[in-house]
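Novice: Prediction below, plus the sequence it came from.
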Amino acid sequence: MVIYLFICWAFCLFSFNDREVLLFTLFIVCSFDAFSQLSGQLFGRWKLCPRISPNKTIEGLIGGFVISLIISVVIGSVMTGSTIHFLFMGSCITISSFLGDLSASYVKRLYNVKNFSSAIPEHGGFLDRFDSLILAGAVVHLIENMNIWV
């Protein structure tokens, strides 16, 4: 519970970042989510965590990660900062996005509330859109404001 409260606190502080940082993070999280699903549906053979999230595949994770890094560099080319900075940020966002989604899936499966609603068909419900963003936002806040990145 303490860890979750810390993540929520950092996510709330994330909302005070510059608009560019917020939009960059949101765009990478959404890109990772979309391209992971697309890659997994097209090429997925090897299940990643079948007990927690049976539709996640290794191929989906790799495809989403690679495309998100490419998008990070493309977006970074019109922003201020080095390519290495945007590769680092894109990597941190996609990894934390994946872990946030996976941990939320674990908790929902543990308490047998996998689907919060059917507002978005073939997805885990309306709140599934935020599972990835909460941890990714918290991580971005820590990187951008706690001098983790030099």
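Specialist: Great, that's in hand.
Novice: if I look at F65, how far off is I71?
Specialist: For F65, the distance to I71 equals 11 Å [Cβ to Cβ, to the nearest Å]. Where C-beta positions appear, they are placed from N, C-alpha and C, glycine not excepted.
Novice: With C49 instead?
Specialist: Distance check for C49 against I71: by Cβ to Cβ, it reads 24 Å.
Novice: Look at these two and report which has more neighbours.
Specialist: Each of C49 and I71 has its neighbours counted (other Cβ atoms under 10 Å); I71 has more, 20 against 15.
Novice: Please, which helix or strand holds I67?
Specialist: Of the helices and strands defined by DSSP states H and E, I67 is found in helix 58-76.
Novice: pLDDT on that helix, on average?
Specialist: Helix 58-76 carries an average pLDDT of 96.
Novice: Which helix or strand lies directly C-terminal to it?
Specialist: Next helix or strand after helix 58-76 toward the C-terminus (DSSP H and E): helix 83-110.
Novice: residue ranges with poor pLDDT in the chain?
Specialist: Along the chain, segments meeting pLDDT under 70 span 114-128, 147-150.
Novice: At the geometric centre of this protein, which residue do we find?
Specialist: The chain has S97 as the residue nearest its centroid, 1.9 Å off, counting by Cα atoms, centre = their mean.
Novice: Give me the nearest residue to I7, chain neighbours excluded.
Specialist: Once flanking residues are discounted, I7 sits nearest to A138: 4.7 Å by Cβ to Cβ, 6 or more residues apart in numbering.
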